[in-house]
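1. Generate a structure from the sequence data that follows.
(2 chains)
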Amino acid sequence: MSNTPRKMECEEAIRLVLDYLDNELTEIDHDAMEKHLHTCRSCFSRMEFEKHLKGKLHKVESIEAPQALKDRIKKMTGK
Amino acid sequence: MAGMQAGEKFFTENIEASLDRLYSAAMRLTRHPANAEDLVADTVTKAWSAIESLQDTERFLPWMLRIMTNQFISAKRKAEQKIWHEAYVEETEVEDAGFSIFERLHQPFLMWWGNPEQNFLDQLLGEHIEAALSELSEPFRLVVMLSDLEGLTYGEIAEAINVPVGTVRSRLARARGQLQKLLWQHAVDRGLVATPQVEADE
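-> You can find the predicted model right below:
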């Protein structure tokens, strides 16, 4: 069996880019995506944009829990 | 997790550091401070009694969020005698499900005056994201929150909302398209991006 990654076209790369960033692709698809991104500047730019947008979402600040809730939880856990 | 005592010790030591994240998620789900507090308290009670089922202590917060989502969906089902019908969510046509901000902004050639994608990202603030999230329908808001904000895997989300992984994948794709459309609209409304001619012609 060949170890060469399968070929991926732009349409498929764009469809799978978020699964790639979520680390949810199979190994074969992941390798094919990496190979495609190395050779396609447009898809690479798309991936970078989605990655940064995802990073922005991940960094949305938490809302501080009210003191009353903190006290309630401390009481529940006996701390 | 090995042993009830070890579990309770771990729980007590880690719950405080997770409270802001749990409360934030509860606020995004319930959109009401008192309901959010109750949801967190119910989640903590449930998790405390189930601590032995926590398999990976590195995934404590995702585990808590899964319990919280289960609690939220069960409570809603009880209160409303219904929950969104999964088949309905999957079959409903979602306007703008394939929307892409990148496609709106990207220029195939480098421009001397800057990078529109980066400019967009630089101007995107947490409050804009919160506003767009709040406009998503509940099933969509849930999956985006669990995946993009909290970093749960598709498998963890599937367990939390009790649907197959394939459903999580497709729902997330549609939810993200809709979220991007909302973020785009907010940016246009605030004058942060120029409305391209093609949009005016649509």
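
2. Residue A:54 against residue A:21, yeah?
-> Yes - Residue A:54 is within contact range of residue A:21, at 5.8 Å (criterion: CB atoms under 8 Å). Placement of C-beta: from N, CA and C, glycine included.

3. Average pLDDT for stretch B:78-90, rounded please.
-> For stretch B:78-90, mean pLDDT is 60.

4. which strands and helices sit next to the longest helix seen in chain A?
-> Using DSSP state H, we find that the single longest helix of chain A is helix A:41-58. Counting contacts by 3 or more CB pairs under 8 Å, 6 or more residues apart in numbering or on different chains; DSSP states H and E, helix A:41-58 packs against helix A:10-21, helix A:27-39, helix B:101-105, helix B:116-123.

5. and for it, what are the contacting residues?
-> Here helix A:41-58 makes contact (CB atoms under 8 Å, 6 or more residues apart in numbering or on different chains) with A:10, A:13-14, A:17-18, A:20-21, A:36-38, B:101-102, B:106, B:108, B:117, B:121, B:124, B:129, B:144, B:148-149, B:151, B:180.

6. Are any of those buried, and if so which?
-> Buried members of these, counted by 16 or more other CB atoms under 10 Å in any protein chain shown: A:13-14, A:17-18, A:20-21, A:36-37, B:101-102, B:117, B:121, B:124, B:129, B:144, B:148-149, B:151, B:180.

7. counting contacts, what elements does the helix or strand residue B:27 falls within pack onto?
-> Element membership of residue B:27, judged by DSSP states H and E, is helix B:4-30. Judged by 3+ CB pairs under 8 Å, 6+ apart, the packing partners of helix B:4-30 are helix A:67-77, helix B:33-49, helix B:60-80, helix B:138-144.

8. buried stuff in the last one?
-> For helix B:138-144, a neighbour-count test (16+ other CB under 10 Å) marks B:139-144 as buried.

9. Over to the second one?
-> If you call a residue buried by 16+ other CB under 10 Å, then helix B:33-49 has these buried ones: B:36-44, B:47-48.
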